[in-house]
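J.: 3D, please:
(chains A and B)
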Amino acid sequence: MSTHKEVAFASGTRLVALNKGPKTFPAEAAQIKKAARSVNNAAKLRKSITPGTVLILVAGRFAGKRVVCLSQLASGTLLVSGPFAINGVPLRRVNPAYVIATSTKIDISGVQVPAHINDAYFKRAEQKIAKRSAEQLFDYKALAATKPELPAQRIEDQKIVDQALLAAIKKVDLMKEYLKDTFVLPKGVPVHAIKF
Amino acid sequence: MFTKFVEVGRVVEITYGPGKGHVAPIVAIIDQHRALIEGPTTGVSRREINFKRVRLTNIKLNIPRNIRTAALKKACVAQKLNEQWEATNRAQLLQKKKLRRNMNDFQRFQVKTVKAVLTKAAQAVKA
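T.: Below you'll find the predicted structure:
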C-alpha cells in the first residue's frame, strides 16, 4: 500500500500524503502504557510437595480430607485424587496455597495419569440458563434436571487412576484407613508446633 | 520421710531453658538458690543453675566437692550415670513424650488406630 498519491496541479504533479494526521494535537502528551515485561508464571512448588505426597486440604468443600498429589499442572495447581473410591475426593485441581503437605509419601510410580488431563480438561462448559417464569423458579425438580451431567470421560479417567492408585495404597499398612480419615486440629496444640 | 536432698553428687534434671530434659550431678552448692552442675556424659557444660529450674532425681553419685571435668567424666562412666538415668521411669516418660512430639501425621493416625483396637480388645476381655 502506498502512503502517498500523485496529485496533478497547474505546475505539474506532486505527491500528497494519504494520511494527513490529526488536525489538532492534545495539549498534554498522552500517557503511553508500557508493555508488561514480566509474565505471570505458575508458582514454584514447595519442596515438600512431590507426586505421591499425601496432602491435607484446608479449604473448600473437601476441607479436612487427606488426598494424594499426582502432579502439578501447567497453571501451577495440583492434580489430586482422594482417591474417589476411598474418601470421595475426585480427580481435582487444588491451589497449593490451600493444602498442608505431610511428610508421608506414597510410591505412585505405577500410576499413569492419562495425558489428556490438563487445565482445559477441568474447565466447565458454559451453561446457558433459560429465563424462568415465577412458578418455574421454585420448581426444584426441573432445576435439578438442568444440572449438567458429568462427562463419561471423567468417570472413566477416575476409574483408571483409582485402580492404579489403590494398588499403591494397599502396599502400605493402614494407608487406606488414613486417607479415609479426615484431619481435625487437635485441641490445645498450636498449629505451628504440629509436625505433618 | 525425705530421701532426695540437695547435696554434692545429687543428679538433677533441668526443667527449664535450652538444657531442658538433660540431667547432671551437682558439683558444688553456691548458695541457697544456686548450684554448680556439670554433666560431661550427658551434654551439660559446667554452669550454675537456680534450684527453681531443676528437679532432684533419685540418683546420687559419689563424688567430692568441686570435682574437675576430667575426673567427673571418669566418675560418671564408672558409676554408670547415663544407664541409671535411662532406667528411671522419668527418663522413659520423657523419651516417650519426645517420640510423640516428633511423630508425623500418618504416625499419629497409626497410634490412634492401634490404641482404639487395643482398648476395644481390653473391653472385650473385661466383659
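
J.: helix or strand: which one has the closest residue to chain A within chain B?
T.: In chain B, the residue that lies nearest chain A is B:F106 (4.2 Å; C-beta to the nearest C-beta). Quick note: C-beta positions are derived from backbone N, CA and C, even for glycine. Here B:F106 sits within helix B:105-126, counting by DSSP states H and E.

J.: which residues are in contact with stretch A:145-157?
T.: A:P90, A:L91, A:P114, A:I117, A:R124, A:A125, A:Q127, A:I129 (C-beta atoms under 8 Å, 6 or more residues apart in numbering or on different chains).

J.: you'd agree A:V191 is up against A:V184?
T.: No - taking contacts as C-beta atoms under 8 Å, A:V191 lies outside contact range of A:V184: 11.8 Å.

J.: in TSV, list the contacts of stretch A:145-157 along with pLDDT, distance to A:L45 and neighbour count.
T.: Output for those, formatted as TSV (pLDDT from 0 to 100; distance: C-beta to C-beta, whole Å; neighbours: other C-beta atoms under 10 Å in any protein chain shown):
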residue	pLDDT	distance to A:L45	neighbour count
A:P90	94	22	18
A:L91	93	18	22
A:P114	90	21	13
A:I117	91	18	19
A:R124	80	25	6
A:A125	75	29	7
A:Q127	71	32	8
A:I129	70	37	7
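
J.: farthest-separated two in these?
T.: The widest separation within the contacts of stretch A:145-157, taken as C-beta to C-beta, falls between A:P114 and A:I129 and amounts to 31.5 Å.

J.: now A:A17. Nearest residue, chain neighbours left out?
T.: Nearest non-adjacent residue to A:A17, counting by C-beta to C-beta, 6 or more residues apart in numbering or on different chains: A:H4, 5.6 Å away.

J.: and the contacts of stretch B:27-36?
T.: Outside stretch B:27-36, the residues touching it (C-beta under 8 Å, 6+ apart) are B:6-8, B:12, B:26, B:37-38, B:46-52, B:54, B:63, B:65-67, B:72.

J.: quick one: buried ones out of the residues you listed?
T.: B:V8, B:V12, B:I26, B:I37, B:E38, B:I49, B:F51, B:V54, B:I63, B:I67, B:L72 (16 or more other C-beta atoms under 10 Å in any protein chain shown).

J.: so which of those residues are in helices?
T.: Among the buried ones among the contacts of stretch B:27-36, the members found in helices (DSSP state H) are B:L72.

J.: where does pLDDT dip in chain A?
T.: Within chain A, the stretches with pLDDT under 70 are A:1.

J.: which stretches of it form helices?
T.: Using DSSP H, helices in chain A cover A:84-87, A:134-137, A:140-145, A:152-170, A:175-180.

J.: tell me which of those helices sits nearest to A:E28.
T.: That would be helix A:134-137 among those, by C-beta to C-beta, at 53.0 Å.

J.: quick one: contacts of that closest one?
T.: A:A142.
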